[in-house]
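**Q** Here's my sequence, what's the structure:
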Amino acid sequence: MKLENKTLVVTGGGNGIGRQVVLEALRRGARVAAVDIRQESLDETTALADAGDRLATFVVDITDRAAVERLAGQVVDRFGSVDGTVNVAGIIQPFVRLADLDYEDIERVVNVNLWGTVHVIKAFLPLLLARPEAHVTNVSSMGGFLPVPGQTIYGATKAAVKLMSEGLYAELLETDVGVSVVFPGAVSTDIGANSGVDMGMSEEEMAEAAANRKSTSPEEAAEIILDGIESDRLHIYVGGDSKMMNLANRVAPKRATHLIYSQMKDLLDMSS
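**A** Numbering: from 1, shown residues only. Sure thing, here's the model as predicted:
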């Protein structure tokens with residue numbers, strides 16, 4: 001689906017990958033409804049976009065089903081129609097083993113990553129099915145197909161998003177609605193801070209860890225995602241690490257898991 005003159009709803013539009021998806025979609029000629037839980041974050045996106053009436057912002061908690069259902073009508077009132085949704089909003093869990101993870105944290109991650117995505121799909125799909133061409137895009141994670149110790153529940157929610165997206169793709173084969181699922185690898189965002197998660201490291205230690213691991217920029221991630229939507233790809237891999245680990249996990253899953261563990265062990269131990 002080409003984005004020019006289309007209307008997109010982008011969750012998580014106040015920061016990170018979501019913000020860059022908003023900005024890049026606007027550059028490609030789309031109209032965008034940016035959704036986030038924080039008004040100040042949306043205000044920053046608006047200032048960066050300088051897109052006039054092609055951008056509208058909505059403060060919505062996607063875990064609130066009724067609020068998301070109201071959002072669908074609000075976007076139609078603002079733009080007249082909706083042609084696509086890009087579900088970027090998501091959070092990570094505290095970086096601890098499952099045995100040490102509180103139920104409150106488990107429920108929060110499940111509610112945002114899985115139920116939030118379900119709410120947006122259910123609210124907007126009837127509108128998309130009424131369009132001559134439309135698209136649903138859900139952001140999973142490299143952790144959705146490869147186990148990451150210390151992010152087991154996060155990975156479980158992203159694996160659920162992966163299979164839900166693939167099931168939705170199959171259900172919509174005879175319609176005009178396409179589906180994509182996105183698998184970002186390491187992307188240089190503030191997802192830890194935005195998730196309210198203490199990573200167990202000082203700012204200096206986090207900077208050193210980031211420097212030692214090649215990350216994709218949010219700007220590049222947004223370009224890859226929107227290129228994938230415009231090419232109607234089912235699977236969109238963001239970053240060389242995501243592509244490589246997808247192949248490694250298919251060929252030798254146990255070895256791939258051991259590799260990830262060796263890379264994450266220090267951080268996991270630091271958080272214990």
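**Q** going forward, measure contacts between C-alpha atoms and count neighbours the same way
**A** Will do.
**Q** what residues are up against the nearest residue to G13 once chain neighbours are set aside?
**A** Spatial nearest neighbour of G13, chain neighbours left out: R19 (4.3 Å); criterion: C-alpha to C-alpha, 6 or more residues apart in numbering. With C-alpha atoms under 8 Å, 6 or more residues apart in numbering as the criterion, the residues that contact R19 are 12-13, 45.
**Q** from those, which ones fall inside helices?
**A** The helices in this structure, assigned by DSSP state H, contain T45 from these.
**Q** Among the contacts of R19, name the buried ones.
**A** Buried subset of these (neighbour count, 16 or more other C-alpha atoms under 10 Å): 12-13, 45.
**Q** closest to V82 among those residues?
**A** V82 has its nearest neighbour among the buried ones among the contacts of R19 in G13, at 16.3 Å by C-alpha to C-alpha.
**Q** That closest one against V35, yeah?
**A** Yes. Under the criterion of C-alpha atoms under 8 Å, G13 makes contact with V35 at 5.4 Å.
**Q** hey, what's in contact with both of those two?
**A** By C-alpha under 8 Å, 6+ apart, G13 and V35 have these common neighbours: L42.
**Q** what does stretch 234-245 contact?
**A** Defining contact as C-alpha under 8 Å, 6+ apart, one finds that stretch 234-245 is touched by 142, 146, 166, 169, 179-187, 215-216, 221, 224-225, 228, 256.
**Q** same deal with stretch 74-83?
**A** Where contact means C-alpha under 8 Å, 6+ apart, the residues beyond stretch 74-83 that reach it are 6-9, 31, 33, 56, 124, 127-128, 131, 133-135.
**Q** Filter these down to the buried ones and hand me the ChimeraX line.
**A** Here is the ChimeraX command that picks out the buried ones among those, judged by 16+ other C-alpha under 10 Å:
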select :6,7,8,9,31,33,56,124,127,128,131,133,134,135
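**Q** In the contacts of stretch 74-83, find the pair that's most separated.
**A** Taking every pair in the contacts of stretch 74-83 and measuring C-alpha to C-alpha, the maximum separation is 21.7 Å, between A56 and E133.
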